[in-house]
Each structure stands twice: as C-alpha cells, then as structure tokens.
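Undergrad: only geometry, no sequence info:
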C-alpha cells in the first residue's frame, strides 16, 4: 500500500521544513509533480519554506524567479498559501473513487490480484460476485468469466430483478440492455448449472440475437431484450477472437514540461510558427516561452536588431481571444516584431475572452512592443500587466479603458520597468488610485501626456505627488470625472511649469477658489490650450484669474459653465492678450453684450470664435454705439443659438470685415437682409473662403447670387443644406461666377434637373464633392449631366433622391470609378 500511495500523493504546502524542493512531488497541475530543471545551480538541501517571504504571506518572487524556469514558476505562483500556516501534509492527487483496477492501470503496478483471496484479478465483477470476503454480495454461483466488470455487475442486477419478478408472479419482462457482455453472462449462468431460473429452458447461442424471447423454465416467465445497437467495450470477446485497440505512440503523450523543453530548442522563428499550427496545445506552449529562454543554435544578432516593432495588430469584439493573441505573439517573431497592439472589447464568453493568459503570451514573445491599448476587457488583471512590465521594457504608450480588474499594483510595476513610457491614459478603472499615480510620477521620467478619467480612488494626494515629480516633463494633462478638490488645482498651478495642454472636466468638488489659486500661482506660463467642462467653480472671477495666470494662452474652450456671464467674458478678453481662439458651448448667461464686448476688447491675435447651444443669446439694440474699427476676427461659427438674428449680423458686419470662414447652422431667425450686409462688408478683406448656412430656412437665391458674384474668386466651400428656398437660380449663379468652388452641398433644397444641367455646362467649375441628398425632384433625366460632372467628382451624395431609379444609380457606379457614391 505504501508503494501505491507514494506514486499517487502530492505534498500540500504549509509552513514547516518537510518538503524538499528537488526530490519531492509538490508542484500541482503537472504530470510529474516535480521540478524538471533549475535555472542555475541547484542546492540539494533547499526546502520549499525557503521560497516564502519573510513575513510568510506569499511567495518571494525574486527568489522564485532566480531559481526556476518560467514554465514552473507560473505553476508555483498559483499555489495558494493558507494564512493560518498549517504544517506540510501529504494528500491524494488522483481521482477519489479509484478502485485498485484503475490504480494498477495508472500507476503501472505489477500485482493485480485480490489481496484477500489472491486467486483472481481484483476486478469489479470479482468483488461483487466471486470474492468470499465480500460474502453475500453476489447471488451465488458463477455468473460469467473475467469479462468487462461493468457488464458483470449489470448481469447481477438483471438476475436479481428476474428473481424478484418471478416471486411476485410476473409472466413477461422486457430488459432494455444494450450490453452484449451482460447477455453473455446470463448464458454462462445457465450453463453453470443454476436451475433456479433456467430449468429446462434454452438460450440463443448468438449474443447478438438480443431481440428474441428468452424462455425461463416451463414458460412461467419470458424475458425479452429489445434490439439495440451493440455497444462494444475494448478489449472485448467476439467469436473467440480477441480484438485489441493498438495504442499509437505520439509526441503528444509527453507531459507539458517535456514538450516545453523540446519546443524551446527549435532553431528559428519560422520553425516555431510552423509548430504553432500543429495544435492549440503546441501554440499555447510556444507562446509561454520567453525570448530569453529560447535555445538557438545559430544566434543571429542582426535578427534581434531588426525587431524594432514595425507591426501593428488590432483585435475587436468576438475576435479578441487568448488563442489569437498567442498566434500574434508567436507569428510576429521574425517579421519585424510587434510594435502596437490594440484590443477593443472582448469575447463575451468568459472561457474564450481575453484574459491574463493572452497578455502573458504577448509579453513573453514581443519584447519590441511600444504601444498597448486595452478597452472594455474585464478579465485582464494585474497578472497580465505584470508580465507586460517584465517582458516589454520598450513600452512607450499605455491606454487602459474600462478594465476593472487592474489595480495600482500593475501600474507600479509598469512604471518601474518601462522607463521609456511617455503617454498614459486610464479611463474607467475603478481600482486605480493614488499609489499608481505616485509611481508614475516617480519612475516615468519621460512622461509627456497623462489622461485620468472616471477613477473614483484618485484623489488630491495622487495628483499632487504626480505633479510635484513630473514638473519639468509633463506637457499634456487631462483630469476628468475625479473626486479631487481645490488642492489639486493649486498644485497644478504651481508645478505645471511644462504644461502646454490642460483639460479639466466634471470636477464637482472644485470651487471658484481652486481656479483662482491655479491662475494666480504663476506656474502655467507655457500653457497654450485649456478646456474646462462641467465645472461649477468656473465663475467670472475664476476665468479672469486663469487669463492673468496664463500669459501665453492661445485656445480657450468653455463647456457647460452655467455661472459664467458677460462680465467674466469681457474681463477675460482684456487680460488674455495672446488668445487666438475661443469656444463657448452651453454657456446660457452669455448674451449679445458679452459677444460684442469680447470682440471689442480681444487681443490683436484673436482670429476664431465659436458658439453653440447658448440659449441666452438674443437679438437686441445695444445701449452703446459701436466704434468704427475692424477686429482681427477671421472665423465665426454659431450653431443652434435661436436668438441670433439679422441685427446681430448687421453689427457683426461693421466690426468684422476680414472674415474668411462663416458657419451658421440652425439659425432660423436670420434672413437675406442680415446675410447680405455681412456678405457685402467682407469684400474689403481677402474674401470669403468657406460659407455654411445649414438649416437657415429663410435664406433665398438672392444671398447665393450675391455671394457668388462678390466672392466667386475665393469661395471654395459652400453648404446650403436644408435651405428650402434655394432653387435652380442659385446653381446657375454658382456655375457662372464661382471659379474655385470644390465642395457644394444643396441637400434638401428646391433643386431640379435644370440646376444640375447648369452646373454641368459651366466651363470653369470643377467640383470634387457634390451633395444632393433629399432633392426629390431630381430624376433620371440628369444622368448625362452627372456623367459630365463626374469627371472631376470624388464624392456624390444621392441619398433619398426618390425620383432617381436604381438602374441609374448602377450606371453611375459603373461609369464613375473614382467617385464614392452614396445612394
């Protein structure tokens, strides 16, 4: 028994000195349960307890890494150590319900006889029927030979049932058994002389005739076996011939440890890629072999230098699995090396999705990786990123989005092991906090860009530690949806000496004082662009302080700032003397006074103004006269501000004669009168280049004709989508006067085939983009003119043109090869 147990037991790791590292069986999930090979020299007296940390809580990774190969090291790290620290003990590692017959087959023992009678092999049938030690377990007499144990037991059950049925007077029984050996045992039972059931009756000699009646005795009871497909168990006896299945010898019968040693000795990348196609098992084993453990007979240094990370791979949705990652890791070895890996989403099946195993394969086989992006991958945790940190020292960009299993532990390892890291983005990682940011600031000396969004554990401590450590290197900083307070903004204002771009969004705990201190800290002298969204601390005083503290600010974006008013906007314009662009969105306290006050007090460098969804803006007469001057404004964009009308356009025309880009969208209050004054006043400058009037329903052909006549030599883009009063007359004016127009959109306008004809007959017009979506009056008659326009067109939109047939569309697609057609 001791010999049997020693071959089937394994040590359960506790806390004492009982387990020897090199001689004992203690590594689970392997066939040998022992250590196959050491990384360096081996100390024969080493005990497993020496691999623990000093406090006893977990494995000492440094010692394990230095002693074992990576293949066995992973198995060791999966051994969980109990906190109560029980003593080492032996436990059974095989199946718990094994009989001696199974133990003999598994452990290759030589003594197969029953230990009680020593006369027969200890099979299930022998235990149930023949062994005297069992006593009464059988029904008496010999049932059958040394056939299949399961069939013998089935025969015992059949005969016991027949006996009970006879006692209660049952005359006919159907036995649903598809085991031929069971029927054969019943026949042998009759031949053995037991007349309790078989006196005077006969049984068919062929066991395959199981579909016939079996007479027991003087017709007192008939047994019927329904015909079924025979079930044969190998080895089985049929017509006194023994048929044995020959066991094929294959390399796959080797344990993983041995196959691992074979595969890591393949000579080159091509051979490894070929072997990876043999089976999934080979692929996963090859992907688990690190570059440094490969044994190459001819080490080519040139091949190593060529792996500079030229390749880019991307996996999305159901295609994102561990197997595909393993294939990428193994297959890209000799093709320049994997440089950028992007994983968007994961297979919804937890068994097939991307896990730490897939990232381990990338880390071990792709040391050239420079950019890693993981989005919406819930099964990837610290273990996978720890491998990336150990194997991908060249990593420069890390992007993590909605990875809830990743914690500070992984970020600390990445920061320590990847000195080239210059860009980090962390969004929706609930377990990332201050410790991770502290490590990033301390160890990432080349960090240029950092984005932290929706990480609830990040607080002032983490931001302060990061900024104080990365004072002179960090250029771009984005903080969104965090629980930071005024303290963080004060630290940014003091230590952000290298910042050029700053984004602050959804910071609900930041008040006016935070922005005021940030501006007055005098540390943001290099800041050129700042975007603030949904921060209730943005007030008139805060905006003015930011303008003073950022003397080189060129672009300012304010979104959803409910407490900003006209006074704050004017005060900011007076102090921000380097401002070039201002964007206001959903700032409902901004009115016409603030709009023109900004233009009158802006810096000489101010060139672009954009407003959208500012519902407080209304047309009215100003209480002061406008000065006779021209502002430097070159571009104005107003979207969905329904209060803006002709009066505002008339005053804008007086102040902004150098406009080149005008984009008005969703302004139903403006008419031809206001637009004509603006079009005519812009003639004093360089001329309009881009004009958009989307959704301005009161614009008519008069504006288009004036625009084409006045600015036809400079106009390049014209968007009239949704202007229902624009007709074929506008297209005729465009065809005659516009010389350099390349993009024209007249979707949902009153255009007919005649307008298309006018465009096609123009000699100087060379359109590249033409939008005719929703022009229901255009028909198949314009086909030849569309062919002519198509000589220069690169894009044509014919969606919802219901009068154009599908055959016409097909002809256009066939003829206009270089043009992308939407229909």
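TA: Nice, I can see it. Quantities reported herein were computed from a predicted structural model and do not represent experimental measurements.
Undergrad: can you pull the buried residues of stretch 616-635?
TA: 617, 619, 631, 633-635 (16 or more other Cβ atoms under 10 Å). Backbone N, C-alpha and C define where each C-beta goes, glycine included.
Undergrad: with stretch 750-765 instead?
TA: Neighbour-count burial for stretch 750-765, counted by 16+ other Cβ under 10 Å, picks out 750-760, 762, 765.
Undergrad: before we move on, the earlier item: the buried residues of stretch 616-635 in strands, which ones?
TA: Per DSSP state E, strands hold the following members of these: residue 635.
Undergrad: widest-spaced pair of the buried residues of stretch 616-635?
TA: Across these, no pair lies farther apart than 619 and 634, at 23.8 Å, counting by Cβ to Cβ.
Undergrad: where does residue 610 sit: helix, strand or coil?
TA: Under DSSP: H, G, I helix; E, B strand; the rest coil, the three-state class of residue 610 is strand.
Undergrad: next, work out how far apart it and residue 587 are.
TA: 12 Å (Cβ to Cβ, to the nearest Å).
Undergrad: again, but for residue 32
TA: For residue 32, the distance to residue 587 - Cβ to Cβ - is 71 Å.
Undergrad: give me the more crowded residue out of these two.
TA: A side-by-side neighbour count of residue 32 and residue 587, using other Cβ atoms under 10 Å, places residue 587 first with 26 against 12.
Undergrad: for that one, which three-state class applies?
TA: Residue 587 ends up coil, using three-state DSSP.
Undergrad: right, and it touches residue 614 too?
TA: Yes - between residue 587 and residue 614 there is a contact under Cβ atoms under 8 Å: 5.6 Å.
Undergrad: how about low-confidence regions in the stretch 351-500 of the chain?
TA: 351 (pLDDT under 70).
Undergrad: switch the cut-off to 50
TA: For the stretch 351-500 of the chain, applying pLDDT under 50 flags no range at all.
Undergrad: that one: helices as residue ranges?
TA: Remark: helices assigned in the stretch 351-500 of the chain by DSSP state H, counting those that start in this stretch are 356-365, 382-391, 408-417, 434-443, 460-469, 486-495.
Undergrad: pairing partners for the following helix or strand past the last one, with directions?
TA: The reference is to helix 486-495. Next in sequence after helix 486-495, counting helices and strands by DSSP states H and E, comes strand 501-505. Looking at strand 501-505 with DSSP bridges, its partner strands are strand 476-480 (parallel), strand 529-533 (parallel).
Undergrad: which parts of strand 501-505 are buried?
TA: In strand 501-505, counting by 16+ other Cβ under 10 Å, buried: 502-505.
Undergrad: and these, which is closest to residue 318?
TA: Of the buried residues of strand 501-505, the one sitting nearest to residue 318 (Cβ to Cβ) turns out to be residue 505, at 32.5 Å.
Undergrad: OK, contacts around the closest one?
TA: 453, 478-481, 531-535 (Cβ atoms under 8 Å, 6 or more residues apart in numbering).
Undergrad: wouldn't residue 53 be in contact with residue 59 here?
TA: Yes - between residue 53 and residue 59 there is a contact at 7.0 Å, judged by Cβ under 8 Å.
Undergrad: so between those two, which is more surrounded?
TA: residue 59 (18 against 13).
Undergrad: what's opposite the more buried one in the beta bridge?
TA: With DSSP bridges as the rule, residue 59 is bridged to residue 52.
Undergrad: need the contact list for it.
TA: Taking Cβ under 8 Å, 6+ apart, one finds 51-53, 76-77, 79, 81 in contact with residue 59.
Undergrad: residue 486 too?
TA: Contacts of residue 486 by Cβ under 8 Å, 6+ apart are 510-511, 513-514, 517, 537.
Undergrad: run the last query once more with 10 Å
TA: 460, 507, 509-518, 537 (Cβ atoms under 10 Å, 6 or more residues apart in numbering).
Undergrad: what's the closest non-adjacent residue to it?
TA: residue 514 (3.2 Å; Cβ to Cβ, 6 or more residues apart in numbering).
Undergrad: sorry, back to before: closest to residue 578 among the buried residues of strand 501-505?
TA: Nearest to residue 578 among these, with distances taken as Cβ to Cβ, is residue 502, at 15.3 Å.
Undergrad: so who does the residue nearest to that closest one when sequence neighbours are not counted touch?
TA: Spatial nearest neighbour of residue 502, chain neighbours left out: residue 530 (4.7 Å); criterion: Cβ to Cβ, 6+ apart. Taking Cβ under 10 Å, 6+ apart as the criterion, residue 530 is in contact with 499-504, 518, 524, 546, 550, 553-558.
Undergrad: residue 497 and residue 471 touch, don't they?
TA: Yes - proximity of residue 497 to residue 471 meets the contact threshold set by Cβ atoms under 10 Å, at 5.5 Å.
Undergrad: now do the shared contacts for the two.
TA: With Cβ under 10 Å, 6+ apart as the test, residue 497 and residue 471 both reach residue 523.
Undergrad: what's the distance between the nearest residue to residue 411 once chain neighbours are set aside and residue 424?
TA: Of all residues not flanking residue 411 in the chain, residue 436 sits nearest, at 3.4 Å (Cβ to Cβ, 6+ apart). Separation of residue 436 from residue 424 (Cβ to Cβ): 10 Å.
Undergrad: more neighbours, these two?
TA: Taking other Cβ under 10 Å, residue 436 and residue 424 do not tie; residue 436 has more neighbours (28 against 23).
Undergrad: if I look at the nearest residue to residue 455 once chain neighbours are set aside, how far off is residue 532?
TA: Leaving out its chain neighbours, the residue that sits closest to residue 455 by Cβ to Cβ, 6+ apart is residue 432, at 5.0 Å. Taking Cβ to Cβ as the measure, residue 432 falls 24 Å from residue 532.
Undergrad: could you do residue 700 as well?
TA: For residue 700, the distance to residue 532 - Cβ to Cβ - is 40 Å.
Undergrad: more neighbours: these two, which one.
TA: residue 532 (24 against 17).
Undergrad: ok, the spatially closest residue to the more buried one that is not a sequence neighbour - contacts?
TA: Spatial nearest neighbour of residue 532, chain neighbours left out: residue 504 (5.1 Å); criterion: Cβ to Cβ, 6+ apart. Taking Cβ under 10 Å, 6+ apart, we find residue 504 in contact with 477-480, 482, 484, 488-489, 492, 510, 514-515, 518, 530-535, 537-538.
Undergrad: do that again at 6 Å, thanks
TA: When contacts are counted by Cβ atoms under 6 Å, 6 or more residues apart in numbering, residue 504 touches 479, 532, 535.
Undergrad: does the last one belong to a helix, a strand or coil?
TA: Spelled out, it's residue 535. Residue 535 - assigned by three-state DSSP - is coil.
Undergrad: what pLDDT does it get?
TA: For residue 535, the pLDDT comes out at 95.
Undergrad: residue 506 is in contact with that one, correct?
TA: No - Residue 535 is not in contact with residue 506 according to Cβ atoms under 6 Å; the separation is 7.5 Å.
Undergrad: pick out whichever of these two has more residues nearby.
TA: residue 535 (26 against 15).
Undergrad: need the phi and psi values for the nearest residue to residue 713 once chain neighbours are set aside.
TA: In this structure, residue 713 finds its nearest non-sequential neighbour in residue 739, 5.5 Å apart by Cβ to Cβ, 6+ apart. The phi and psi torsions at residue 739 (degrees, to the nearest 10) take the values phi -100, psi -30.
Undergrad: residue 739 contacts residue 715, correct?
TA: No - judged on Cβ under 6 Å, residue 739 makes no contact with residue 715 at a distance of 8.5 Å.
Undergrad: neighbour count winner among those two?
TA: residue 715 (23 against 14).
Undergrad: quick check: pLDDT value at the more buried one.
TA: Reported pLDDT for residue 715: 95.
Undergrad: and the gap between it and residue 707?
TA: 7 Å.
Undergrad: can you tell me the SS state at residue 26?
TA: Per three-state DSSP, residue 26 ends up coil.
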